[in-house]
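[1] build me a structure from this.
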Amino acid sequence: MKRFIEFVLSKRVVVNVVFMILLIAGVNSFNTSPVQNMPPVDIGQVFVYTVYYGASPEDVESLVTKKLEDAIEDLENVEYIQSSSMRNISVMQVKFIDDSDYRDLYDEMRLKILNIKNDLPDEVDEPLFIYVDTEAFLPVIAVNIAGDVSNKTLDLLAEELKTDLRKVPMVESISTSGDFEDEFHVALSPQRLREYGVSFAEAAGAVQQANSKIPAGVFRKGDTEYAMDTGERFSSQDAVLDAVVRKDGDGNFIRVRDLTVYAGLSNRDPDIMVSVNGKSTVQLIVKKLRDGDTGTIAKAVRQEADSFAERHAGEGISVYYTQDSTLEIEDSVHVLGGNMLMGIAFVMVILWLVLGFRNAMLTSVGIPFSILFAVLMNSLFGYSINTITIFSFVLISGIIVDDSVIIVENIYRHLQNGKSMAKAVRDGTAEIFIPVTSSALTTILAFVPMFIMTGSTGDFFAFIPLTVIFALAASLLEALIILPVHYYEWGPKKVSSHDGDDLAHVKSGVFAHAWNFYSRVVTSLLNNSVKTLVVMTVVFWIAVAILVLSATGAVPLIKVKFFPDSFYRYHVTFELPTGTPLEVTDKVIRDYSAYIMAKGKAEASSASGYAGFYEDVDYVRHRGHYYGSIIVTLPNVEDQEFGDIFDNNALAYLDYLREDFKSFAAEHKSDWGVLPEVNIFGENSGPPVGKDVNIRVTANSLETAESAANEIMAFLRSNSETSGLQELQDNRAKEQVSFTIKAKADKIREYGLDETTVVGVASGALNGMYAGKFRSLDDEVDLKVKLVKNTDAYNYTSEGVGSPEDVLMLPVIENSTRPVYLQDVAEIVYSTEPNVMRRYNGKPAITVTADITDNSGLTPSRVQNLVKTEFKDIAVKYPGVVVAFGGEFEETSRAFRSLFMAFIIAILAIYLVLAAQFNDYFQPVLILSAIAFAIIGVVYGLFLTRSTFTVQSFIAVVGLAGVAVNDSLILIDFMNARRREGMALRDAVLTACSQRMRPVLITTVTTILGLLPMAVGFPNKSLEWSSMATAFCSGLASATLLTLLIVPAEYELLERVRIWVINKRSDK
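    Residues are numbered from 1 along each chain as shown. From the prediction side, this is the model:
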């Protein structure tokens, strides 16, 4: 190795040029890489929405949902199929098995469903497929146009702005919500139909026949060919009104205008109404391509929208921005970037104090070099800068200087022993070249197995090991090749020499007292090595027991949670009584939005309201006029002020809002006429994990599932241990009143009719009968013939349908000797129906969900354990019932299993590297004991501080497996070297301890200080990542302390046993 270092020193110019090239390339990649909040990750789910307008939930389930499920029954790699059948729509959620080829499966599934389209009723719309990835549910920004103008004006303005926004590069789609779709309505008067004896079907048929344009081919006249059409498509109101229905008995034409209250452009009855901050709006939701830079796109969108607003100044409209993901990115960069810079500053200060200013500067060069190199490599692989990569830089900000610290400290020690600069650099680097390489390799190998984490969670966190590995590789390159050159050129010119004294470096300065204390303690432990190891073994297994009992929920000594509750937005969802009109739901949403915004900009920056649907915590959309939601965007972290009573804690604030909103609903019940059911949840900033508690009950019949769910709900409500649950509910169907117009079999035969004709009259009269297209300027809109209703905005007469009974007075037979009305051949049957029918893998299902209060010691795993114990024999009482656990518990279990496997693989990989280096079976085990020391620190640290063990904490443990062994690796390598030099066992141990104490403490302190700002939240706290930083710091501190104290005792005991065995064999 000495020759290699000499060669490197002789090629200093080349090394420096390569160094500068990599730095410049890294800076360029940093400036040009796209910046995103979250990395693009495929969730492995597909939603299929199929509209069957006018159909009941039972009909939707039997005629649509079941057929869709059957179509993909033989599709491989499907984890589950979950469906909801509601009036007018079927929603099917398909989850693929983790790490299967999601895109290919999606294409295959889509093809299978489209192949059975002809098996569905003719009235069913084309299924809508939504492939779920992080880009699908995280728009770049939403632009809202609001004002006291007509719906038509808002729609036109939205189309204008949409055209402008399409110019923005890297925009994938711009979807519109809250717009009113144009239709041409021919609203017939039921009274005039009766007066003229015209049936609805006859009038609608006449409009449809008159509005027909059919190509009739071509004909040739001479040398010229002429295209020929028959008929004409309506393009004016008069053309519609002049359409002839038939002649009356006097030979006069009955025209459409004779039967019509209104004929003109109108809007389709909306299924969704959108508002912003309590005002009506049309919302444009902007989504980007995967490679798009969120900040750049959002800035361009704002510029276009601001320009649009200036053009229309004075027209009574305003433009609002909501769901702006750049706010989250800015907060993440502000918090994580602040933590990183503060950590780097701490590292540089401690290096300056311990090694001197020049050594500190030379060592710190590796930090920006390694980070920029990782950015460069991520860019070359097509990866963005996002929250995960930024955190990875924070994580390694202290680790990446470890190799440099060890080399600089060793070179400096050789300088203190009187060597020249060239020899000190050569000998100091060569002496620890192999150990440093091995330690870096062990750290890398600890992170590599994280790639086996499965599913979207694994994809989400895969950027951590990727970034860490790139940075660690760069730090090793810098420490072994670039740093020696820099030290040779710019290292300290004068060094105090201590020839012949190997302990000089710990006999003076800041380490003198530390060495005196440490040498006494380690000598005492060496004299009692067996007792020391017994105590440490007991302490370790107690820590393991605490962790296992907590993770399984048997005894929750540590709070275990999948992902910390951190969010930038929260959702308020509403469920009103079934049958509530959309307009009432919209009023409730508006009133709540205004109430939220009245709390001030320190508590909410915007409130987007949606009447007609809500998305739950799993991003499943629930549709119905009695559903609604508000998405509230919080202000920037530094601007948030929730009050001292909540300790400025967003979670505690949500708990307050739950009660506050209930009081608000009670106060306004008389205004609304209904009392909404209100739920609140934060929009998790990590991967979607569902509710804290999610218990799914499936059975062969809905009644059985409901009975089992009732018992589980009663148990959770009455058990004292589950008092920390909030918003405990299930998703069973609620009853809604419906009416059916049922044909009288004997009467329809008497009049020569059929059931389809009779029911079709009623359906067409209420829903409107499609009669072709109406050409409006350069656009074509649907033309519908319908009965005028009392509630229609254009109905200024006393005529119109006000109740289902009014429909029965429609004529159904024209030119009859006497009028035959619908009531003569049909009747209205009132009944109740479920508002939704849910299935899971083809069986009726009910899901019990709940959240856990922030200050509760309850965990999802504990709830699961309690329910499993209480209902272990539920299948005996209710045959066919299966109780399963989803939501956060399912995601936590899956992630922890993956991480545990990664942890075991990491240990085995590290052992192989160590075995290759030391050519020994047992010394690698001593080195790996540092991992046990780290686990002790993590568990007891979390237990004493009452912190939460999250998936990030587990990732910290896996990463610690590589970092923690570095100190013990080099310590034992030095012990072996001293013994090879002929020292006695005890002297070799103590000498190695003296030589490694200073670099071990320095590297540990730098690593901890690099993460300390994040762990303690200085200058700003990150709820998502502080638990990981805390676990890493406490684990590394414990591993370092116990490595310095326990590894010498382990080593000496092992060598004494080895000597005893050798002596025994020689005696024989």
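[2] max-length strand in this protein?
    strand 621-633 (DSSP state E).
[3] buried stuff in the helix or strand just after it?
    As assigned by DSSP states H and E, the chain's next helix or strand after strand 621-633 is helix 650-672. Neighbour-count burial for helix 650-672, counted by 16 or more other Cβ atoms under 10 Å, picks out 650-655, 657-658, 661, 664-665, 668, 672. Just so you know, the C-beta spots here come from the backbone N, C-alpha and C atoms, and that holds for glycine as well.
[4] what does stretch 733-747 give?
    Buried residues in stretch 733-747, counted by 16+ other Cβ under 10 Å: 733, 736, 738, 741, 743-744, 747.
[5] what of stretch 376-394?
    376-379, 383-394.
[6] just stretch 573-591 next, same as before
    By neighbour count on 16+ other Cβ under 10 Å, the buried set for stretch 573-591 is 573-576, 578, 580, 582, 584-591.
[7] min pLDDT across the residues you listed, which one?
    On pLDDT alone, Thr578 ranks lowest of these, at 87.
[8] in this structure it contacts Glu677, no?
    No: when contacts are counted by Cβ atoms under 8 Å, Thr578 is not listed as touching Glu677 (11.4 Å).
[9] related to what we said a few turns ago, got the angle for the longest strand of the chain vs helix 650-672?
    Between strand 621-633 and helix 650-672, the angle comes out at 120 degrees (axes from the mean of the first three to the mean of the last three Cα atoms, to 10 degrees).
[10] doesn't Val617 belong to a strand?
    No: Val617 sits outside any strand when classified using DSSP: H, G, I helix; E, B strand; the rest coil, being coil.
[11] give me every residue that touches it.
    For Val617, the contact set (Cβ atoms under 8 Å, 6 or more residues apart in numbering) comprises 571, 681, 684, 688, 690-691.
[12] swap in 6 Å and give it another go.
    The contact partners of Val617, taken as Cβ atoms under 6 Å, 6 or more residues apart in numbering, are 681, 690-691.
[13] where is pLDDT lowest across the residues you listed?
    Lowest pLDDT among those: Gly690, with 71.
[14] did I read that right, that residue in a strand?
    No: Gly690: not assigned to a strand; according to three-state DSSP it is coil.
[15] hmm, it is touching Asp618, no?
    Yes: using Cβ atoms under 6 Å, Gly690 is in contact with Asp618, at 5.1 Å.
[16] who has more neighbours, those two?
    Gly690 (22 against 17; other Cβ atoms under 10 Å).
[17] ok, the more buried one to Arg894 distance?
    Per Cβ to Cβ, to the nearest Å, Gly690 is found 12 Å from Arg894.
[18] next: Ile5.
    Ile5 sits 48 Å away from Arg894, going by Cβ to Cβ.
[19] quick one: least confident helix or strand in the protein?
    The helix or strand of the chain with the poorest confidence is helix 504-507; it has a mean of 55 (mean pLDDT, DSSP states H and E).
[20] what's the following helix or strand after it?
    helix 512-527.
[21] so what touches that following helix?
    Contacts of helix 512-527 (Cβ under 6 Å, 6+ apart): 506, 532, 993, 1045, 1048-1049, 1052.
[22] just the ones of the buried residues of stretch 376-394 in helices?
    Judged by DSSP state H, helices contain the following of these: 376-379, 387-394.
[23] how about those residues in a markdown table, adding distance to Asp242?
    Formatted as a markdown table, these follow (distance: Cβ to Cβ, whole Å):
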| residue | distance to Asp242 |
| --- | --- |
| Leu376 | 72 |
| Met377 | 73 |
| Asn378 | 68 |
| Ser379 | 67 |
| Thr387 | 64 |
| Ile388 | 66 |
| Thr389 | 68 |
| Ile390 | 68 |
| Phe391 | 70 |
| Ser392 | 72 |
| Phe393 | 73 |
| Val394 | 74 |
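[24] count of neighbours near the closest residue to Val1000 other than its chain neighbours?
    Spatial nearest neighbour of Val1000, chain neighbours left out: Asp967 (4.6 Å); criterion: Cβ to Cβ, 6 or more residues apart in numbering. Using other Cβ under 10 Å, Asp967 has 27 other residues around it.
[25] need the pLDDT of Asp967.
    84.
[26] same question for Ile388.
    85.
[27] what pLDDT, on average, does stretch 696-713 get?
    pLDDT averaged over stretch 696-713 gives 93.
[28] so for it, what gets flagged as buried?
    Residues of stretch 696-713 classed as buried by neighbour count (16+ other Cβ under 10 Å): 696-699, 702, 704-709, 712-713.
[29] that older thread, pick out whichever of Ile5 and Arg894 has more residues nearby.
    The residue with more neighbours, out of Ile5 and Arg894, is Ile5; 22 against 18, by other Cβ under 10 Å.
[30] name the SS class of the more buried one, please.
    Quick answer, by three-state DSSP: Ile5 is helix.
[31] against Ser439, how distant is it?
    Taken as Cβ to Cβ, the spacing of Ile5 relative to Ser439 amounts to 18 Å.
[32] check Asn684 too.
    From Asn684 to Ser439 the distance is 36 Å (Cβ to Cβ).
[33] returning to that earlier point: ok, and what's touching the longest strand of the chain?
    When contacts are defined by Cβ under 6 Å, 6+ apart, strand 621-633 is touched by residues 89, 322, 569-574, 576, 578, 580, 582, 585, 589, 592-593, 596, 604-611, 613-615.
[34] for that strand, which strands pair with it and how are they oriented?
    When sheet partners are counted by DSSP bridges, strand 621-633 sits next to strand 567-575 (antiparallel), strand 606-615 (antiparallel).
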